[in-house]
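K.L.:
Pasting a predicted model and its sequence here:
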Amino acid sequence: GAVVSQHPSRVICKSGTSVKIECRSLDFQATTMFWYRQFPKKSLMLMATSNEGSKATYEQGVEKDKFLINHASLTLSTLTVTSAHPEDSSFYICSARDRSALTYGYTFGSGTRLTVV
Amino acid sequence: AQSVTQLGSHVSVSEGALVLLRCNYSSSVPPYLFWYVQYPNQGLQLLLKYTSAATLVKGINGFEAEFKKSETSFHLTKPSAHMSDAAEYFCAVSGNSGGGADGLTFGKGTHLIIQP
């Protein structure tokens, strides 16, 4: 079945630094990937939609200059949290949309726990 | 625009008892509906999905859900709970019936507790 690999699974960084999170579709091509943020004991909130070869579409209230998204190939999207602050600490999860309309599948990565100290 | 309401942030059942997790949705277009399970510090695993075919959908691990348009519901059930079912469950909706690129809108989740 479709597999999405997300790396790293955990990262701790100092306030003011930047962190990059990778999301790869391993056995299918994903023209569209999605980035979600999950606060403790809360639901997932869609942050942005990442489109291969074009600019990401951000949800209302998400700072595009803080959360940089690049989707350079059909199998890789990256989320860079720039100038991280403690309030950016969260669980970030990516999802890739299988191009096959028959399956209409969204496959999720295993998530990245970001802690900013 | 779509939204999802999951009734009950916590549901507790005894091992072997029926599991019922409730989900109601709103969508301006015919919806695609999903149930996911999440274990601590992990991503989401798809349990089942409704994509406008059969209204009774069977998923993995003995779970199933029934799409009821008149009630705008998509409740998740399992006849007999196992201890391993203890986890967080999310109902989600995608409003793009054309197979496009909409992200999912999630409910707030239901924490399922299994009592021995």
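P.N.:
Received the coordinates, thanks. Everything numeric in this text was worked out from a predicted model, so none of it was measured.

K.L.:
Need the three-state assignment for residue B:61.
P.N.:
helix (DSSP: H, G, I helix; E, B strand; the rest coil).

K.L.:
would you list every one of the helices in chain B?
P.N.:
With DSSP state H, there are no helices along chain B.

K.L.:
For chain A, see how far away the most centrally placed residue in it is.
P.N.:
For chain B, the residue nearest the mean C-alpha position is residue B:35 (3.1 Å; CA atoms, centre = their mean). Applying CB to the nearest CB, to the nearest Å, the value for residue B:35 to chain A is 12 Å. Where you see a C-beta, it was placed from the backbone N, CA and C, and this is true even at glycine.

K.L.:
Next up, the contacts around the closest residue to that residue other than its chain neighbours.
P.N.:
Of all residues not flanking residue B:35 in the chain, residue B:47 sits nearest, at 4.4 Å (CB to CB, 6 or more residues apart in numbering or on different chains). Listed by CB atoms under 8 Å, 6 or more residues apart in numbering or on different chains, the contact set of residue B:47 reads B:34-37, B:59-61, B:63, B:76, B:89.

K.L.:
Pull up the gap between residue B:47 and residue B:14, please.
P.N.:
To residue B:14, residue B:47 is 21 Å away according to CB to CB, to the nearest Å.

K.L.:
same check, this time on residue B:27
P.N.:
Distance from residue B:27 to residue B:14, by CB to CB: 34 Å.

K.L.:
Those two: which is more packed in?
P.N.:
residue B:27 (19 against 11; other CB atoms under 10 Å in any protein chain shown).

K.L.:
any idea how far the closest residue to the more buried one other than its chain neighbours is from residue B:33?
P.N.:
Nearest residue to residue B:27, sequence neighbours excluded (CB to CB, 6+ apart): residue B:2, at 4.5 Å. Distance of residue B:2 to residue B:33, given as CB to CB: 10 Å.

K.L.:
All set now, cheers.
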